[in-house]
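Novice: would you be able to build a 3D model of this:
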Amino acid sequence: MNVMIKPPQDYEKVETLSKKFNDIESVAFHSRLKWLDTARPTQIEPEGIWSTWLILAGRGWGKTRTGAETLVSYALKTPNVICGVIAPTSGDLRRVCFEGPSGILKMIPRECLLDTGNAYNKSAMEIKLWNGSIIQGYAAIEPDRLRGPQFHRIWADEMAAWRYPDAYDQMMFGLRLGQNPKLIVTTTPRPVKMVTDLLKRRDKDVYVTTGTTFDNKKHLAESALQQLRDKYEGTTLGRQELYAEVLDEIEGALWKPSMIDNTRVKEMPDMQRVVVAIDPAVSNNENSDETGIMVVGKGFDNRYYILEDLSDRMSADTWANVAINAFYKYNCDRIIAEVNNGGDLVERLIRTVDKDVAYKKVHASRGKLVRAEPISALYEQEKVSHVGTFSKLEDQMCSFTLDSRSSPDRLDALVWGLTELSKSSGQAIWRVS
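Specialist: Okay, here's the model as predicted:
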């Protein structure tokens, strides 16, 4: 019998690789121990039998860190698995989930990355680990990209803010690898169907963790906490964003979630008219209101559609360019802008960017609540559909009451746009110039 004897250098290579493997295993193990030592009990992956861990918590609770650490711990201790990360947009995926201060890349020890120089493929949003495991990122705003990929485990971040509910279905079709595929959801609570459906399965196959912003006060600046208290304590938005309450129907609110959910659609039909409506902010600093910019249309079916929410806190030059870009993107009829605060300066700014764009200025002569009532009636009559989900807008709508203390910039822009489109049917009740 011939026996092949391997040359000594092969034994040395095996010994070197074995030592390297043991070293990396040790680093990964101590990384997990460090997280277990520093995390609060509610941030540790629960024991028992569950398929979904739903974390409903306020801003600053530590949701991102919990999602990242939980997914990384699983990928490091389980060789050759495929993990998915899904965030509302590609920007959220990169800036928060992957590269953020509490993101995945910060949680993976450098030694545990694949040592080929391209462990993190930024364009493909993919991270390769030394043990053969892969972490892949996807944007929920592109649900069709989730057709095909398969996963052992998924972290879904800010799921209540996903624009297209179809992304949840496509994600779940792909969660099918291994003996025990699991989903970790980290989100600020909103009464969207994806969240309420999961809550109905509580204590069955869904484990629910809740928490407030103030649970994490040890790691948050006291000045920031005080600012949040001063601005939101006692408000409906504060109950949701800070104290993580799932607010279904708010007494006195002009809109209820069902009024929006019942007519929501996935795609924009053919339009007979489209406008861009602007509620300009009077300043641009960290304490300023946002500039509300809504794209709304009237279809050939004589129904109204909310096509895009472009609102944000931005400079005057920026919001003027955003509005004009939307004007051409959607082949709009005109730009509508409230000028109570800016007067002719608003038109002058828009004309500076594009002197030929169709423009109309509007003045508010009655209170916000009175102006919003006829538009609320359109929703109640099921004449308005949102094309996808607009979480920030819908939060403003469903929390807007006579006692509202916040300035509903997105809602104001929505009201101006729908009033322009519906005024021929007698819905407008205030002066337009």
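
Novice: C-alpha from now on. contacts and neighbour counts both.
Specialist: Will do.

Novice: counting contacts, what elements does the one helix or strand residue 72 maps to pack onto?
Specialist: Using DSSP states H and E, residue 72 falls within helix 63-77. Packing contacts for helix 63-77, counted by 3 or more CA pairs under 8 Å, 6 or more residues apart in numbering; DSSP states H and E, involve helix 8-38, strand 82-87, helix 104-107, strand 153-157, strand 182-187.

Novice: now do the buried residues in that helix.
Specialist: Buried residues in helix 63-77, defined by neighbour count with 16 or more other CA atoms under 10 Å: 63-76.

Novice: swap in stretch 139-152?
Specialist: So for stretch 139-152, counting by 16+ other CA under 10 Å, buried means 139-141, 143, 146, 150-152.

Novice: equivalent analysis for stretch 255-268, please.
Specialist: Result for stretch 255-268 [16+ other CA under 10 Å]: buried residues 255-260, 264-265.

Novice: nearest to residue 38, of those?
Specialist: residue 257 (38.0 Å; CA to CA).

Novice: ramachandran coordinates for the closest one?
Specialist: phi -50, psi -40 (degrees, to the nearest 10).

Novice: wait, it touches residue 191, no?
Specialist: Yes - Residue 257 lies in contact with residue 191 (CA atoms under 8 Å); the separation is 7.0 Å.

Novice: what about the nearest residue to residue 164 once chain neighbours are set aside, neighbour count?
Specialist: In this structure, residue 164 finds its nearest non-sequential neighbour in residue 388, 5.0 Å apart by CA to CA, 6 or more residues apart in numbering. A count of nearby residues for residue 388, using other CA atoms under 10 Å, gives 21.

Novice: where in the stretch 251-400 of the chain is pLDDT low?
Specialist: 251, 283-288, 340-343, 364-369 (pLDDT under 70).

Novice: which residues of it fall in helices?
Specialist: 257-261, 316-329, 344-353, 368-380, 391-398 (DSSP state H, counting those that start in this stretch).

Novice: deepest in the core, which of those helices is it.
Specialist: Per-stretch averages of neighbours, counted by mean count of other CA atoms under 10 Å, single out helix 391-398 among the helices of the stretch 251-400 of the chain, with a mean of 20.

Novice: how much does the helix or strand that that one is followed by deviate in direction from helix 391-398?
Specialist: Moving toward the C-terminus from helix 391-398, the next helix or strand (DSSP H and E) is helix 409-422. Interaxial angle of helix 409-422 relative to helix 391-398 (axes from the mean of the first three to the mean of the last three CA atoms, to 10 degrees): 80 degrees.

Novice: can I get helix 409-422 in PDB? Just the C-alpha atoms.
Specialist: The C-alpha trace of helix 409-422 is given here as PDB (Å, rounded to 0.1, in the frame of the first residue of the first chain):
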ATOM      1  CA  ASP A 409     -46.000  71.500   7.500                       C
ATOM      2  CA  ARG A 410     -46.500  68.300   5.500                       C
ATOM      3  CA  LEU A 411     -50.200  68.300   6.200                       C
ATOM      4  CA  ASP A 412     -50.500  72.000   5.200                       C
ATOM      5  CA  ALA A 413     -48.800  71.300   1.900                       C
ATOM      6  CA  LEU A 414     -51.200  68.400   1.300                       C
ATOM      7  CA  VAL A 415     -54.200  70.500   2.100                       C
ATOM      8  CA  TRP A 416     -53.100  73.200  -0.400                       C
ATOM      9  CA  GLY A 417     -52.500  70.700  -3.100                       C
ATOM     10  CA  LEU A 418     -55.700  68.800  -2.800                       C
ATOM     11  CA  THR A 419     -57.700  72.100  -2.400                       C
ATOM     12  CA  GLU A 420     -56.300  73.300  -5.800                       C
ATOM     13  CA  LEU A 421     -57.300  70.000  -7.400                       C
ATOM     14  CA  SER A 422     -60.700  69.800  -5.800                       C
END
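
Novice: what lies in contact with that helix?
Specialist: Helix 409-422 is contacted from outside by 273, 275-279, 289-298, 304, 309, 311, 336-338, 368, 371-372, 375, 393, 396-397, 427-428, using CA atoms under 8 Å, 6 or more residues apart in numbering.

Novice: which of these fall in strands?
Specialist: 273, 275-279, 292-298, 304, 309, 336-338 (DSSP state E).

Novice: out of the residues you listed, which are buried?
Specialist: By 16+ other CA under 10 Å, the ones in strands among the contacts of helix 409-422 give 273, 275-279, 292-298, 304, 309, 336-338 as buried.

Novice: domain parsing for this protein?
Specialist: Domain segmentation of the chain under automatic domain parsing yields 13-232, 257-425.

Novice: what helix or strand is residue 102 on?
Specialist: Per DSSP H and E, there is no helix or strand for residue 102.

Novice: typo on my end, it should be residue 195
Specialist: Counting by DSSP H and E, residue 195 is found in helix 193-200.

Novice: if we can go back for a sec, would you reformat the domains of the chain as JSON lines and include distance to residue 242?
Specialist: Below are these laid out as JSON lines (distance: least, CA to CA, whole Å):
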{"stretch": "domain 13-232", "distance to residue 242": "4"}
{"stretch": "domain 257-425", "distance to residue 242": "14"}
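
Novice: what's the closest of the ones you listed to residue 245?
Specialist: domain 13-232 (6.6 Å).

Novice: chain center to that closest one: distance?
Specialist: Centroid separation for domain 13-232 versus its chain: 14 Å, with CA atoms, centre = their mean, to the nearest Å.

Novice: also stretch 218-234?
Specialist: With CA atoms, centre = their mean, you get 22 Å for stretch 218-234.

Novice: still on that earlier bit, residues making contact with the helix holding residue 195?
Specialist: Contacts of helix 193-200 (CA under 8 Å, 6+ apart): 54, 159-160, 165, 168, 189, 206, 208, 261.

Novice: in strands, which of these fall?
Specialist: Those of the contacts of helix 193-200 lying in strands (DSSP E): 54, 206, 208.

Novice: out of those, who's the most crowded?
Specialist: residue 54 (21 neighbours).

Novice: please report how far it lies from residue 197.
Specialist: 11 Å (CA to CA, to the nearest Å).

Novice: excluding chain neighbours, what is closest to residue 289?
Specialist: residue 281 (5.8 Å).

Novice: for residue 354, same thing?
Specialist: residue 324 (7.6 Å).

Novice: before I go, just wanted to say thanks for your time.
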